[in-house]
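got a structure for you, letters missing:
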């Protein structure tokens, strides 16, 4: 580590410093954003223990579809079996540890290891071991196929996302997402369909890519288009335990006959969520479903972002755009969908250089004796996000 302090001691000190009142709190140390040892601890104590967003259901729409992912530094394969059930397994052959599925696949009848052709059913059970006992002899004394299936991983789905819990000990996924589901109870997520996907890579730590989205302090200078115009911007932040944190600002109008819902109905061709109360907040904001899923809920679409660490200094960010019913693929609405997606791409383009520059400074600020701090008004969600992480690492 850059700061020569035992990891356990550092984590305890970090949790104490970050748990102070916002005006006195100290943020995560620079090592938390670049040190491989810190990411290793996150993998062990955070990502292996939580429900982690890992893939989109749009990756595996049909039986036999499979997609390889990485969670907590471990290779996992997610698939849809013949009955349509979502399953996940450690993507490692039980023979000699070859990767079983190396790229997205469609319509598989089985999973076959490319090294020695050990073959697994879509339920993970070992089905065939050709030539194991010699030429033309698929059996061998002392080998029990029933004990050598792919190692399963606990999986669940919500909002079009596949979540994984590696250690199998977390509360149910339903309880994990319940606070956010309740927050958006007015929105019928069941009517959503997948429209499109965009991806980008940040040369920055995964936490930084999320933190930029859960505070509004930077909007006037980095995203001025978000707060310009004839609106009254009311910033807001919120969080619920270690379930979610985020920004939930609101838009108000001087005209009493103009409300968020009526205004957006005039401005968009895309259908809005059915049955929304006229006074519901449709400005969306951005919320992190802890630890690594970004969620933005708006009157006419939902955007989800899976943030996946690729080492301590790189993050893959995948956005999926969900629209109401046929709006997801109606050719007549393609331009409207493209406008929504273009808006999100612009935000990412604006964030990327900022996030990457901050990341570079995290590598060196420890040597300069520079700590980070939080605005009590604007950055409560960032503080709590970091506190959630430190709390898991201290367990």
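Yep, that arrived. This structure is a prediction, so every number in the text was calculated from the model and none was measured.

which SS state does residue 317 fall under?
Put simply, residue 317 is strand when judged by DSSP: H, G, I helix; E, B strand; the rest coil.

residues in contact with residue 27?
Residues near residue 27 by CB atoms under 8 Å, 6 or more residues apart in numbering: 18, 371-374, 382-383, 386. For the C-beta atoms, the positions are set from N, CA and C on the backbone; glycine is no exception.

Quick check on these: which are buried?
Neighbour counting by 16 or more other CB atoms under 10 Å classes 18, 372, 374, 382-383, 386 among the contacts of residue 27 as buried.

what's the burial count for residue 26?
Applying other CB atoms under 10 Å, we find 18 residues neighbouring residue 26.

scratch that, residue 94
20.

and the gap between the spatially closest residue to it that is not a sequence neighbour and residue 189?
Using CB to CB, 6 or more residues apart in numbering and skipping residues adjacent in sequence, the residue nearest residue 94 is residue 148, 4.5 Å away. Separation of residue 148 from residue 189 (CB to CB, to the nearest Å): 39 Å.

Sticking with the nearest residue to residue 132 once chain neighbours are set aside, tell me its helix or strand.
Counting by CB to CB, 6+ apart, residue 132 lies nearest to residue 140, which is 4.6 Å off, once chain neighbours are set aside. Assignment of secondary structure by DSSP states H and E places residue 140 within no helix or strand.

what are the phi and psi angles of residue 140?
Torsion angles at residue 140 (phi, psi; degrees, to the nearest 10) stand at phi -150, psi 140.

so who does it touch?
Counting by CB under 8 Å, 6+ apart, residue 140 touches 129, 132-133.

What's the first helix or strand after the helix or strand of the chain with the lowest mean pLDDT?
Using mean pLDDT, DSSP states H and E, the weakest-scoring helix or strand in the chain turns out to be helix 260-267, at a mean of 48. Next along the chain after helix 260-267, taking DSSP H and E as the criterion, comes strand 286-289.

Next, the buried residues of that following strand.
Neighbour-count burial for strand 286-289 flags 286-289 (criterion: 16+ other CB under 10 Å).

residue ranges for the helices of this protein, please.
Using DSSP state H, the helices of the chain run over residues 7-18, 36-42, 173-183, 206-211, 219-222, 260-267, 334-362, 365-368, 380-393.

ranking those by mean pLDDT, which is last?
Ranked by mean pLDDT, the helices of the chain end with helix 260-267 at the bottom, a mean of 48.

Distance check, the residue nearest to residue 94 against residue 313.
37 Å.

Between the two, point out the one with more neighbours.
Legend: neighbour count by other CB under 10 Å for residue 148 and residue 313, higher for residue 313 (22 against 16).

coming back round to it: now, among the buried ones among the contacts of residue 27, which is nearest to residue 356?
Residue 356 lies nearest to residue 372 out of those, by CB to CB, at 16.5 Å.

Nearest residue to that closest one in space, please, no chain neighbours.
Ranked by CB to CB, 6+ apart and with sequence neighbours excluded, the top spatial neighbour of residue 372 is residue 27, at 3.6 Å.

Could you count how many residues lie near the residue lying closest to residue 34 once chain neighbours are set aside?
On the basis of CB to CB, 6+ apart, the spatially nearest residue to residue 34 that is not a chain neighbour turns out to be residue 363, at 5.0 Å. When neighbours are counted by other CB under 10 Å, residue 363 registers 16.

From the buried ones among the contacts of residue 27, pick the one nearest residue 323.
Distance to residue 323, by CB to CB, is smallest for residue 382 among those, at 29.9 Å.

any idea how far the residue nearest to residue 372 lies from residue 177?
27 Å.

again, but for residue 350
Residue 350 is 29 Å from residue 177, by CB to CB.

Just want to know which of the two has more residues nearby.
residue 177 (21 against 18).

Hmm, that one is touching residue 289, no?
Yes: shown here, residue 177 and residue 289 form a contact pair, counting by CB atoms under 8 Å, at 6.5 Å.

how about low-confidence regions in the protein?
1-5, 229-232, 250-268, 282-284 (pLDDT under 70).

That one - how does it break down into domains?
57-154, 174-393 (automatic domain parsing).

could the ones you listed go into CSV alongside distance to residue 36?
Converted to CSV, the domains of the chain look like this (distance: least, CB to CB, whole Å):
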stretch, distance to residue 36
domain 57-154, 10
domain 174-393, 5
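
So for residue 46, which of those domains sits nearest?
domain 174-393 (4.4 Å).

Between its first and last residues, how far does the closest one reach?
End-to-end span of domain 174-393 (CA to CA, to the nearest Å): 24 Å.

now do stretch 9-26
Stretch 9-26 has its terminal residues 16 Å apart, counting by CA to CA.

buried stuff in it?
Counting neighbours by 16+ other CB under 10 Å, one finds that the buried residues in stretch 9-26 are 10-11, 14-15, 17-18, 22, 25-26.

Which two of those residues have the greatest separation?
Among the buried residues of stretch 9-26, 10 and 22 lie farthest apart (CB to CB), at 21.4 Å.

In contact with the residue lying closest to residue 362 once chain neighbours are set aside, which residues?
Residue nearest to residue 362 in three dimensions, not counting chain neighbours: residue 33, with 4.0 Å by CB to CB, 6+ apart. Neighbouring residues of residue 33 by CB under 8 Å, 6+ apart: 204-205, 207-208, 312-313, 359, 362-363.

Ranking by neighbours, what's the top pick from the residues you listed?
Result: residue 205 is most packed of the contacts of residue 33 (other CB under 10 Å), 28 neighbours.
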